[in-house]
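**Student:** Got a sequence here, can you build the structure:
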Amino acid sequence: MRFLERDDTGEFRLTKHPPNDTNSEIPPYAILSHTWGDEEVLFKDLSDGTAKNKSGYAKIQFCGAQAERDGLRFFWQDTCCIDRSDNAELQHALNSMFDWYRRASKCYIYLADVSTHQQDIDSSDRELPAFRQSRWFTRGWTLQELIAPTMVEFFSKEGLRLGDKKSLEREIHNITGIPLRALRGFPLSDFSFDERKAWAEKRNTTREEDKAYSLFGIFDVHMPVLYGEGKEKAFKRLQDKFHEDYRALAKLWSTEPRDPRVEKKRIELAKGGLLVDAYRWVFENPDFDRWRRSPESRLLWIKGDPGKGKTMLLCGIIDELERPVIADGGNLAYFFCQATDPRINSATAVLRGLIFLLAQRQPRLLSHLPENLYASDDAMAWVTLSKTLFEMLEDRNLKDTYLVIDALDECAIDQQKLLSLIAQISTVSACVKCVISSRNWVQIEEQLATVAQPSKLSLELNAESVTAAIEAFIQHKVLHLSRLKQYGETIEGKVHQYLSSNADGTFLWVALVCQALADPDVQEWHTLEVLQTFPPGLDDLYLRMVHYIKKSKDKLHCKRILAAVSVVQRPINFRELATLVKLPDSITSYRERLEKLIAICGSFLVLREQSIYFVHQSAKDFLLAFGWVFPQGTEDVHHIIFSRSLNKMSPVLKRDMYGLKEPGFPIDEVPTSSSDPLATVRYSCVFWVDHLRDSISDKDALQYNTLDAIQTFLKQKYLYWLEALSLLRAMSEGVIAIRQLELLLGRADQRQLTAFVRDAHRFALSYKWIIEQAPLQAYTSALLFAPASSLVKKKFKAEEPSWINIKPIVEADWNSCLQTLEGHRGSVRSVAFSPDGQRLVSGSTDNTIKIWDPTSGQCLQTLKGHIDSVLSVAFSPDGQRLVSGSYNNTIKIWDPTSGQCLQTLKGHSGSVWSVAFSPDGQRLVSGSYDNTIKIWDPTSGQCLQTLKGHSGSVWSVALSADSLGRYNWGHDQTWINCNGRNVVWLPPEYRPFCSTIQGRMISIGCSSGQVLTIGFSRDV
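**Tutor:** Below is the predicted model:
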């Protein structure tokens, strides 16, 4: 970046910062915004000494003099600090312009067509027509020059100050139509593409393409400048790049994105709005101040009991930090955990939210997103997402960044992993700081003890400040009630006094009492009587709410609703509630009546986005510990949900529920409809087996009526259920569910049902992939190619396609192949199980390595790095490392968890055909086309020994044969042996190009590119 530097004589010279041979920081500088005239000073004019001959030199003199008055030695002006004859420099400048203006200490806006005649808008007349009509407000490039800098000052052509962006914001808003929030420095990512584009609609540029190029910074995109392409193509590229970034972020989720900003607004709305006086105290707190100002203190833990206002406190901290941090080019990301919502109660959900906001606000960070973002919540998703977050936080261009995570205690899944990651983040970079909140849990304190110099802010130890904040909250709530109910001065005062006397430092208590007082059934003259019934303390208040529900004529209905909502796997909506809970048709047929029931339970439940949630985690905790809603235990409620799910699914599930008609209709093109046939049973389709499992205690066995119900459902609806799972994008969950059912039936003496479920599991495993891609293939290829003896095939024979009159001859029974894993684009040359059997790795001629979940068949990760075919793969004995040998003579050692290549070993002069770890993992052996065997130290990468003696290629190596077990290959690999005897003959198309054996599990890589898995239940 070039600057103009003013010397002591008043002359100017061009300087470059930082210099090419140093790593020094860019110094503070001023920047000029103006409209171009006829005689602007260009880069070449300063170079050849003719600058002073042009009238535009006066602007340089003005900017230099004003910068000097502001104590700034350097300043920048677009006309002469860019060498426009250098295309590469021009490209860089146009893509960097927004950032340059944002980083400026001062931005001077020089209005050449506004004359003040000694009139200062700040001090006198603000109605200056020339200011409103200035050409500066109509130019394209000046839009980002107005929005990007924090400190913007306007000057007349005489060089007199007219005001600044803050003092003139209302006038600027009226002139430009730019929202005040944008002018005040709120993140531009809070505004949609169309909103931001509209700000430039009435602005003009000399070159038509600049209409789009001048918006690079407004949309935070970087793309080539192609003068001559025309305005329409330029805007099309800009819009495509913007939406490409959004689509990349949307891949973080398997369903709809969970934008933390939306969640924050929802929380604030649900709690009656964010009250400044309720959180302002924290900015004067010494613990908070030390965390904010000390470079060594990078983690702040705000802790307190339930209902103390931690969430709203963090909302306030976010609001106060967000604008100055974003305005300075930094970043701020946050996440709100909620235990009652499985979409936001896991460690991976937290990572997704943080990554989303970081990249959404600074799209250049999108470069760190991997190809596979793992929208599911399995172990590999955690690994990939945590690696991505670390890469973002280690980005060399990252400025001050804040991460805020609320309610860590409500992270129900992988909480320890998240705590460990937070501790690690605190050591990543000096520019990254974290704020977290939780209850006073010992396990959280122990985990955070590893962080150097953590700051702790206890709400209990700051009781005086919290009490003052609650007093402000009470005043706000009582004023609202007074207006709503038209309280007199006496009642208003007594309500205020009662709340203040009994709040005991708990915002939630105040909120729940005020919610009850706001009930339309509570008249103004009943207020004081009702008020006295609310005891202090959350548990006592919840108990009072239970007694209130017990007095209702709908107490049985409310009890059933509370019980169901307490045990469901995710929040349910009204239509799902009517499915899972026994309620009269006279209620379930009317939405407003269901809403009335939820309102009766209002101190426990709340409606959000058409779904039912607990008002607070403490409400759910209370009900689960309180016996009233579970008189026969939670198992009974689970059984009711299971039974009702089966009963309600049966009439809904049928062939082609969405009317797709075409057998190959792709799932990605299935239209969404407001009249969804599956709307009432979406929850049931995915979770009915989970509730069956949870309905069985350790001592219980499945009852015969339950077994009969399961058998009837599966034999009548199984294929339709698979179609529904595909439509719901839940086939993986379905495969796991049917396997879980198979295990549950191990307790029951029901051979016929067990046989059918086992067959159904094989059916789902075998055809999961194609049913996922095209739901109606459940009736086509799945039935067509299933073995003749398949119980599912026989039961649903009537569903086979009638338009296929000559059907292929298929196998008589299920063969030993459990699954076929598809995904490689070339032949599979090597496969291997992890030592625990939980992962399977394959190497292919497509130059990639894939790691699979052998249970579900899901590809967990694709490792890229080899430039030629991968010929051999193997896990280390502890499963912590993975080795691969390649056709290009190299060996790579990988971390199978993160997917990172740890080392590349070179030394062979021919292709590496085989690799293997020693049993203790301390040595690595490789066999090669160069006729040699090499033994390596896998830690240092050093070749310890080269064994010579073979007169041909070495195809296979091993340091121990102990891992082969009793199952093994015959000499020509046409047979599988057990204890030295042939037991399974393999047809030619199933013979291994490569293979791995783990106990009684064999995986075969075929030349077709398929990976087959065969499992044996015992030795023969």
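**Student:** Mind jotting down where the helices sit in the stretch 101-250 of the chain?
**Tutor:** Applying DSSP state H, counting those that start in this stretch to the stretch 101-250 of the chain gives helices spanning 129-132, 142-147, 169-176, 180-183, 193-198, 210-213, 216-219, 231-250.
**Student:** shaky segments in the stretch 151-300 of the chain?
**Tutor:** Judged by pLDDT under 70, the stretch 151-300 of the chain has its weakly predicted residues at 254-257.
**Student:** Ok, the chain next?
**Tutor:** By pLDDT under 70, the weakly predicted segments of the chain are 18-24, 117-128, 254-257, 371-380, 452-453, 698-701, 747-749, 960-966, 970-972, 1020.
**Student:** Let me see the contact set for residue 266.
**Tutor:** Counting by Cβ atoms under 8 Å, 6 or more residues apart in numbering, residue 266 touches 608-609. (Each C-beta comes from the backbone N, C-alpha and C, glycine too.)
**Student:** Backbone torsions only: list them for it.
**Tutor:** For residue 266, the backbone dihedrals (degrees, to the nearest 10) come out as phi -60, psi -40.
**Student:** Residue 33 now?
**Tutor:** Note on residue 33: backbone dihedrals following degrees, to the nearest 10 are phi -120, psi 130.
**Student:** follow-up on the earlier one: could the helices of the stretch 101-250 of the chain go into TSV alongside mean neighbour count and distance to residue 879?
**Tutor:** Converted to TSV, those look like this (neighbours: other Cβ atoms under 10 Å; distance: least, Cβ to Cβ, whole Å):
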stretch	mean neighbour count	distance to residue 879
helix 129-132	14	70
helix 142-147	22	51
helix 169-176	16	60
helix 180-183	16	51
helix 193-198	14	46
helix 210-213	22	51
helix 216-219	22	44
helix 231-250	15	31
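**Student:** Pipe those into JSON lines and attach distance to residue 758 per row.
**Tutor:** Below are those laid out as JSON lines (distance: least, Cβ to Cβ, whole Å):
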{"stretch": "helix 129-132", "distance to residue 758": "79"}
{"stretch": "helix 142-147", "distance to residue 758": "64"}
{"stretch": "helix 169-176", "distance to residue 758": "69"}
{"stretch": "helix 180-183", "distance to residue 758": "60"}
{"stretch": "helix 193-198", "distance to residue 758": "52"}
{"stretch": "helix 210-213", "distance to residue 758": "61"}
{"stretch": "helix 216-219", "distance to residue 758": "55"}
{"stretch": "helix 231-250", "distance to residue 758": "38"}
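**Student:** buried residues in the one helix or strand residue 65 maps to?
**Tutor:** According to DSSP states H and E, residue 65 maps onto helix 57-69. Within helix 57-69, the residues that qualify as buried are 57-60, 62-64, 66-67, counting by 16 or more other Cβ atoms under 10 Å.
**Student:** just stretch 999-1011 next, same as before
**Tutor:** 1000-1006, 1009-1011.
**Student:** swap in stretch 602-609?
**Tutor:** Quick answer for stretch 602-609 (16+ other Cβ under 10 Å): 602-607.
**Student:** How far away from the center of its chain is that stretch?
**Tutor:** 25 Å (Cα atoms, centre = their mean, to the nearest Å).
**Student:** Disregarding flanking residues, what is the spatial nearest neighbour of the most centrally placed residue in the chain?
**Tutor:** Geometric centre of the chain, nearest residue: residue 352, 1.9 Å, by Cα atoms, centre = their mean. Excluding its sequence neighbours, the residue lying closest to residue 352 (Cβ to Cβ, 6 or more residues apart in numbering) is residue 252, at 4.6 Å.
**Student:** How many residues are close by that neighbour?
**Tutor:** By other Cβ atoms under 10 Å, the residues close to residue 252 number 23.
**Student:** Is residue 314 within a helix or a strand, and which one?
**Tutor:** Assigned by DSSP H and E, residue 314 falls within helix 310-327.
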